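Trainee: got a sequence here, can you model it:
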Amino acid sequence: MSLRLSSETLHASCVALDGRAVLITGASGSGKSDLSLRLLDRGFTLVSDDQTIVRKSGDRLIASAPPTIAGKLEIRGVGIVQMETVSDVRVALLVELTSEILRLPDDSRERPVLGVPLPLVSVDAMTASAASKVALALDRLGLPA
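Mentor: The predicted structure is shown next:
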């Protein structure tokens, strides 16, 4: 009998807009929290910073924060600040932070999480356009909340 995981804690930050969550993955220091902060300035709401609980619900993934860090965002040079948050939001997009960006990537790139394929985009978090790219990628999906 195989055991299928129904939830997992990922090393990822997560923000949401209009009921759609964006998981932001990358190595420590790659800019997850910084990109999240820039997305918050664009109208997104924090789900979780640095660690995100993802659980499978049917064919969807739902994101929330571990209770110990809910509502907290680490801002380098400022400290840990309390933020407005949302919880239990459907994951719509996976963002991979990397400095190796393809000029014209395949639009159908996906990465499975808990067996659910998620649309994948790669972004260099240190570029000024990173938040715009994430917002545009989410808009292109056209998924309802």
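
Trainee: how would you label Leu37: helix, strand or coil?
Mentor: Using DSSP: H, G, I helix; E, B strand; the rest coil, the structure places Leu37 in helix.

Trainee: ok, how many other residues are close to it?
Mentor: Per other C-beta atoms under 10 Å, the neighbour tally for Leu37 reads 23. C-beta coordinates here come from the backbone N, C-alpha and C atoms, glycine included.

Trainee: before we move on, what about Ser122?
Mentor: 18.

Trainee: from memory it sits against Ser99, does it?
Mentor: No - Ser122 lies out of contact with Ser99 (C-beta atoms under 8 Å); the separation is 9.5 Å.

Trainee: how about the nearest residue to Leu114, chain neighbours excluded?
Mentor: Spatial nearest neighbour of Leu114, chain neighbours left out: Lys56 (4.6 Å); criterion: C-beta to C-beta, 6 or more residues apart in numbering.

Trainee: ok, the one you found - contacts?
Mentor: 5-7, 62, 114-116 (C-beta atoms under 8 Å, 6 or more residues apart in numbering).

Trainee: how about a cut-off of 10 Å?
Mentor: 4-8, 62, 113-116 (C-beta atoms under 10 Å, 6 or more residues apart in numbering).

Trainee: make a PyMOL selection of the buried ones in those residues.
Mentor: Here is the PyMOL selection string for the buried members of these, based on 16 or more other C-beta atoms under 10 Å:
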select buried, resi 62+113+114+116
